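A.B. asks: coords below, sequence missing:
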């Protein structure tokens with residue numbers, strides 16, 4: 001899939017739509033290349049994309065059940081790298097909740113309650129992940145290709 005140029009966006013570019021297209025394109029290794037084999041720039045994108053996709057779809061419970069373990073372990077660093085330190089703290093707290101119990105523990109009820117609280121904090125979007133991830137991608141054209149000029153945003 002080829003990413004749209006500035007002219008193809010009919011004026012103002014939707015950064016979220018651009019990131020979705022990027023995630024599905026050959027310019028992104030997300031879902032196509034094993035996480036451990038990706039470049040650091042690609043790992044940052046993949047970890048944030050995996051986190052946001054899984055948590056928005058089914059909360060932290062879904063992330064921990066179905067997410068890539070390496071991407072999960074990299075998520076807080078990835079968030080800090082793009083400037084999303086508030087979200088990074090939420091992810092670290094979620095990992096602390098699940099870490100001692102494991103994803104399929106007998107004591108899941110208190111764990112799920114704690115994760116539901118963290119879901120709510122994440123859904124409040126204390127950091128604008130779309131904007132921050134778009135800016136990160138823009139600063140790494142060697143990894144993701146050129147992004148339409150800023151005036152398109």
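C.D. replies: Thanks, I have it. On a predicted model such as this, the values are computed, not experimentally measured, just so you know.
A.B. asks: in the chain, which residue is closest to the centre?
C.D. replies: Nearest to the mean C-alpha position of the chain, counting by Cα atoms, centre = their mean, stands residue 48 at 1.8 Å.
A.B. asks: give me every residue that touches it.
C.D. replies: Listed by Cβ atoms under 8 Å, 6 or more residues apart in numbering, the contact set of residue 48 reads 75, 78, 79, 82, 84, 129, 133. Where you see a C-beta, it was placed from the backbone N, CA and C, and this is true even at glycine.
A.B. asks: For the helix or strand hosting it, give the mean pLDDT please.
C.D. replies: Per DSSP states H and E, residue 48 falls inside helix 40-66. When pLDDT is averaged over helix 40-66, the result is 95.
A.B. asks: For burial, what's the neighbour tally of residue 16?
C.D. replies: As a burial measure, residue 16 scores 13 neighbours (other Cβ atoms under 10 Å).
A.B. asks: Which residue is the nearest non-sequential neighbour of residue 125?
C.D. replies: Leaving aside its sequence neighbours, residue 125 sits nearest to residue 87 (Cβ to Cβ, 6 or more residues apart in numbering; 7.9 Å).
A.B. asks: quick check, distance from the helix or strand bottoming out on mean pLDDT in the chain to the centre of its chain.
C.D. replies: Every helix and strand of the chain was ranked by mean pLDDT, DSSP states H and E. The lowest is helix 108-123, at a mean of 85. On the basis of Cα atoms, centre = their mean, to the nearest Å, helix 108-123 sits 18 Å off its chain's mean C-alpha point.
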